[in-house]
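Novice: take this sequence and fold it.
(one chain, ligands or ions: 1)
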Amino acid sequence: MTAIPAGGPAWCRLVRADNPGPMTLDGTNTYVLSTANGNVVVDPGPMIEEHLEAVAALGPVALVLLTHGHPDHVEGRGRFHEMTGAPTLARDPALCIDGDPLSVDGGTVDVPGLAVRVLHTPGHSADSVCFDVSDGTTRAVLTGDTILGRGTTIVAYPDGRLGPYLESLRRLRSLDGVPVLPGHGPVLPDAAAAAAEYLAHREERLDQVRAALDAGARTPMEVVEIVYADVDRSVWPAAEATVRAQLDYLGVPVQ
Ligand SMILES: [Zn+2]
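Specialist: Predicted coordinates for the structure are as follows:
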């Protein structure tokens, strides 16, 4: 599937990878941003040859940007670099190819025709960044897994941490009316509203974790069984990682 995503800016096309699952929703979203000097590809995605070919077929690639290092977003980056020769930039130096790591906050990426501002938004993973992009007329923020198009994301403890994640969401709350191009799922109309919802959800879960501890839960899985009773068991291992992050945040020794 290749199209301007519904609700997204005209300078952006979406190619969705065929890797659907409980954690990836309909599959990983690869975004192709059109510029005067070629395409900027955000998250080439998993190592699926047909997917990478479909992205490369959209035109010459000037630059590849990575939102974070989870395999469903970056696994195909080496092969994609072979196909396109485009430098690949990420927060984590180990993921970069032919380029320097993205600088922290306030950093910009030099892309003729598009202003790309890098927001360091750790929490889902330590290396997560968002890209606040504008062509001077329309703006959108590419959030990777920091904000998803549907449901909520995980905090992949111990690499991901809840304290920094809440901080990241508070900062994204300032992007009033800016559409979200998430790493999975559909476009959301307003980053500020989405961040506020995520913050409210996290507070609610923390209250539930405190209540589960008061009720005698001792291990992360015992907390999951109480707090995440409403979610599908296939995502319980991921929920357990998030519970470890919540216990760490609350200062409870994690077993
Ligand atoms: Zn991820």
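Novice: poorly predicted segments of the stretch 1-150 of the chain, please.
Specialist: The stretch 1-150 of the chain contains residues with pLDDT under 70 at 1-2, 105.
Novice: ok, now with 80
Specialist: 1-3, 104-106 (pLDDT under 80).
Novice: same deal with the stretch 151-255 of the chain?
Specialist: Where the stretch 151-255 of the chain drops to pLDDT under 80, the residues are 254-255.
Novice: quick one: the helices in it, in order.
Specialist: 162-172, 191-214, 220-227, 236-249 (DSSP state H, counting those that start in this stretch).
Novice: identify each buried residue in the longest one, please.
Specialist: Buried positions in helix 191-214, judged by neighbour count with 16 or more other Cβ atoms under 10 Å: 191, 194-195, 197-199, 202, 205-206, 208-209, 212-213. Every C-beta, even on glycine, is put in place using the N, C-alpha and C of the backbone.
Novice: let me know the closest of the residues you listed to the ion.
Specialist: Tyr198 (14.8 Å; Cβ to the ion).
Novice: surely that closest one and Gly151 touch.
Specialist: No - if you go by Cβ atoms under 8 Å, Tyr198 and Gly151 don't touch, sitting 10.3 Å apart.
Novice: right, and Pro87 touches Asp98 too?
Specialist: Yes - contact criterion Cβ under 8 Å: Pro87 and Asp98 qualify, at 4.1 Å.
Novice: among those two, which residue is more densely surrounded?
Specialist: Pro87 (16 against 11; other Cβ atoms under 10 Å).
Novice: who's in contact with that one?
Specialist: Contacts here follow Cβ atoms under 8 Å, 6 or more residues apart in numbering; on that basis Pro87 touches 63-64, 96-99.
Novice: Asp43 now?
Specialist: Residues near Asp43 by Cβ under 8 Å, 6+ apart: 28-31, 65-67, 73-74, 144, 183.
Novice: the closest residue to it other than its chain neighbours: how many residues sit nearby?
Specialist: Leaving aside its sequence neighbours, Asp43 sits nearest to His73 (Cβ to Cβ, 6 or more residues apart in numbering; 4.4 Å). The number of residues packed near His73 is 29, by other Cβ under 10 Å.
Novice: circling back: in CSV: the contacts of Pro87, plus distance to Tyr249.
Specialist: Formatted as CSV, the contacts of Pro87 follow (distance: Cβ to Cβ, whole Å):
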residue, distance to Tyr249
Leu63, 36
Val64, 33
Cys96, 30
Ile97, 34
Asp98, 38
Gly99, 34
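Novice: mind giving me the ChimeraX select for these, buried ones only?
Specialist: Filtering the contacts of Pro87 down to the buried ones (16+ other Cβ under 10 Å) takes a single ChimeraX command:
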select :63,64,96,97,99
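Novice: the ion: which of the contacts of Pro87 is nearest?
Specialist: When these are compared against the ion (criterion: Cβ to the ion), the nearest one is Val64, at 16.9 Å.
Novice: pretty sure that closest one belongs to a strand, no?
Specialist: Yes - with DSSP: H, G, I helix; E, B strand; the rest coil as the criterion, Val64 is part of a strand.
Novice: and the gap between it and Pro220?
Specialist: 36 Å (Cβ to Cβ, to the nearest Å).
Novice: do Ile48 as well
Specialist: Taking Cβ to Cβ, one finds Ile48 at 33 Å from Pro220.
Novice: that'll do, ta.
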